[in-house]
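>>> Prediction below, plus the sequence it came from.
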Amino acid sequence: MQTTMIGIGNFFFRTRNRVFPCIIVALFALAVPPVQLMGSVYLENVKDMLAVALSFSGLAFRALVIGFVYIKRGGLNKKVYAENLVTEGIFGLCRNPLYVGNLLIYAGVFLMHGDPLVMVLGMGSYVFIYQCIVFAEEAYLLNKFGDGYHAYCREVPRWIPRFSKFREATEGMVFNFRRVVLKDYTTIASTTITLALTEGYEQLAHPELFNRSENIFMMGCVIVAASAMAGIMRLFKKRKWLVENPV
């Protein structure tokens, strides 16, 4: 079974940037977002705020990871690859902190949609996919780093962060906010845009209950602002107007 999951993990590792958005679109096509939660618009609004908080907690956790230690998760030639075994920073709390952040982001997106079937299928799918990717990465790392990685696995949990070890894991390290901005601005922008589009989907699906022009304008402003931020950061990065470690 694990061998099969490793194969699935390698497939999604190569294709995730293209396939993941398609999965969300396909799942959202199954049902329109409900306009009420348990018959209450108030509860629906509370749910939406929790969804935003959940996704942004995922972004915050990713920022914490990247700010202390950055590792390239894209692999080499679309295959799992690592030059060094990174065990410090937030990687001392759990072995896959970036993926924990990603799952929190997706949980917020599916909660924002709100349909029970979409939420269950969405989170179930992404938990399974990330577990497969992790199995593929673990097989590679164990083969490359051997006893060192095996010892790391015994000491540090795969998923649940040990926040009690935060001070020990980051002792002597300096948080690099510039690196967070440079490395994760696309994730921040895409998360914001996805949440706004999900809310817009709900409002377009129930035009009789919303002031369509006003709400579409608001969602449009959020999308334009997030897109503009990403464009500005891309320019700053390309022109080297913002670098990780300024001289």
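Now that the structure is in, tell me what you want to look at.
>>> got the contact list for the most centrally placed residue in the chain?
Most central in the chain under CA atoms, centre = their mean is Asn102, positioned 2.3 Å from the mean C-alpha point. Applying CB atoms under 8 Å, 6 or more residues apart in numbering to Asn102 gives the contacts Gly58, Arg62, Tyr126, Tyr130. (C-beta placed from N, C-alpha, C; glycine too.)
>>> State the distance from Phe110 to Leu121.
Look at Phe110 and Leu121: by CB to CB, to the nearest Å, they are 9 Å apart.
>>> cool, Ile160 as well?
24 Å.
>>> Tell me which of those two has more neighbours.
Set Ile160 next to Leu121 and count neighbours by other CB atoms under 10 Å: Leu121 wins out with 16 against 9.
>>> quick check, that one in a strand?
No - secondary structure assignment (DSSP: H, G, I helix; E, B strand; the rest coil) places Leu121 in helix, not in a strand.
>>> Can you tell me the closest non-neighbouring residue to it?
Spatial nearest neighbour of Leu121, excluding adjacent residues (CB to CB, 6 or more residues apart in numbering): Leu27 at 5.8 Å.
>>> Give the buried residues for the one helix or strand the one you found maps to.
If you go by DSSP states H and E, Leu27 is part of helix 2-28. For helix 2-28, a neighbour-count test (16 or more other CB atoms under 10 Å) marks 5-6, 8-10, 12-13, 16, 20, 23-24, 27-28 as buried.
>>> Now compare those residues and name the two farthest from each other.
Using CB to CB, these span at most 29.2 Å, a distance reached by Ile6 and Phe28.
>>> quick revisit: could you measure from the residue nearest to Leu121 over to Gly122?
Noted for Leu27: a distance of 5 Å to Gly122, by CB to CB.
>>> Alright, I will stop here.
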